[in-house]
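K.L.:
predicted model, plus sequence, below.
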Amino acid sequence: MVTVKKPSEPTAPPAHGGAPPPEYGQPPSSAYSQLPPPQPPTGIPMQPSVPTKPPAHGEAPAPPQEYGQPPSSAYSQPPPPTGVPMQPSLQVQGNLPGPWSTGLCDCFSDVSNCCITCWCPCITFGQIAEIVDRGSTSCGASGALYGLISCFTGCACIYSCFYRSRMRSQYMLAEEPCPDLLLHLCCESCALCQEYRELQHRGFDMNLGWYGNVDKLNQGLTMAPFVEGGMNR
């Protein structure tokens with residue numbers, strides 16, 4: 001058996017720097033069959049597109065987004081404030097105690113009350129207690145109890161200093177010039193006169209009592225203003 005050798009096909013000469021001709025029976029190896037190795041990614045990856053809010057009427061459109069920059073949309077910013085702006089909260093100093101309207105030694109600014117308190121302090125205390133208790137106790141009952149405590153113990157200041165503390169708490173008054181108990185113990189008459197004048201300066205008529213002041217206030221609110229009839233030319 002005679003084996004016939006297949007004639008070799010003519011091949012083009014290799015170009016300058018090209019691959020050598022393939023051998024017989026081998027697959028052709030060209031530059032196109034070999035891919036370059038993958039290169040690492042460079043630059044900033046593209047961000048996914050975010051739907052932007054269309055500009056409102058009269059509003060300028062947003063500038064185009066550059067490559068590699070984070071998306072800027074209307075959703076990433078808070079909406080503009082609408083309506084009436086909120087006023088900043090002001091710090092109210094209502095919890096701080098205020099001063100008394102008169103001093104402790106201003107007893108002679110009301111001479112009549114000074115004399116009554118000096119000779120019969122139970123009357124002044126009864127008037128003060130009725131206003132501070134807001135009518136829950138009468139002037140006579142509080143004054144009589146003050147007189148009994150003073151006669152049997154001689155320490156009515158323990159009872160009266162309690163009302164001074166309540167009065168300071170109601171009207172936010174400072175505890176001055178010394179604690180309430182010490183003040184009533186050392187200067188009972190001056191303390192009662194100061195409390196009496198304080199209530200007067202706050203609009204109370206001490207001779208009317210609590211309910212008398214309430215009726216006076218209600219009459220002033222419900223009374224219609226007087227208007228003269230007719231017209232003057």
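P.N.:
Yes, it's here. In this text the structure is predicted, and so the values were computed from the model without any measurement.

K.L.:
nearest residue to residue 193 other than its sequence neighbours?
P.N.:
Nearest-residue entry for residue 193: residue 107, 4.6 Å, with adjacent residues in sequence omitted and distances by C-beta to C-beta, 6 or more residues apart in numbering. The C-beta positions use only the backbone N, C-alpha and C, and glycine is treated the same way.

K.L.:
for residue 135, helix, strand, or coil?
P.N.:
Three-state call for residue 135 (DSSP: H, G, I helix; E, B strand; the rest coil): coil.

K.L.:
for it, which non-adjacent residue is spatially closest?
P.N.:
Once its chain neighbours are removed from consideration, residue 135 has its nearest residue in residue 210; the separation is 3.7 Å (C-beta to C-beta, 6+ apart).

K.L.:
lowest average confidence, helix or strand, in this structure?
P.N.:
Counting by mean pLDDT, DSSP states H and E, the chain has its least confident helix or strand at helix 209-222, which shows a mean of 84.

K.L.:
other SSEs contacting that helix?
P.N.:
helix 121-132 (3 or more C-beta pairs under 8 Å, 6 or more residues apart in numbering; DSSP states H and E).

K.L.:
how about the helix or strand encompassing residue 194: buried residues?
P.N.:
Of the helices and strands defined by DSSP states H and E, residue 194 is found in helix 188-201. In terms of neighbour count (16 or more other C-beta atoms under 10 Å), helix 188-201 has its buried residues at 188, 190-200.

K.L.:
re earlier: which residues touch the least confident helix or strand of the chain?
P.N.:
Contact with helix 209-222 is made by 127, 130-131, 133-135, 138-139, 203-205, 208, as judged by C-beta atoms under 8 Å, 6 or more residues apart in numbering.

K.L.:
now restrict those to buried residues only.
P.N.:
Those of the contacts of helix 209-222 that meet the buried threshold are 127, 130-131, 138-139, 204, by 16+ other C-beta under 10 Å.

K.L.:
re earlier: in CSV: the buried residues of helix 188-201, plus distance to residue 179.
P.N.:
Written out in CSV, the entries for these read as follows (distance: C-beta to C-beta, whole Å):
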residue, distance to residue 179
188, 14
190, 15
191, 11
192, 16
193, 18
194, 15
195, 15
196, 20
197, 20
198, 17
199, 21
200, 24
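
K.L.:
of these, closest to residue 166?
P.N.:
Ranking the buried residues of helix 188-201 by separation from residue 166, with C-beta to C-beta as the measure, puts residue 195 on top at 10.4 Å.

K.L.:
distance of the closest residue to the closest one other than its chain neighbours from residue 215?
P.N.:
With sequence-adjacent residues excluded and distances taken as C-beta to C-beta, 6+ apart, residue 195 is closest to residue 128, at 5.2 Å. Counting by C-beta to C-beta, to the nearest Å, the separation of residue 128 from residue 215 is 20 Å.
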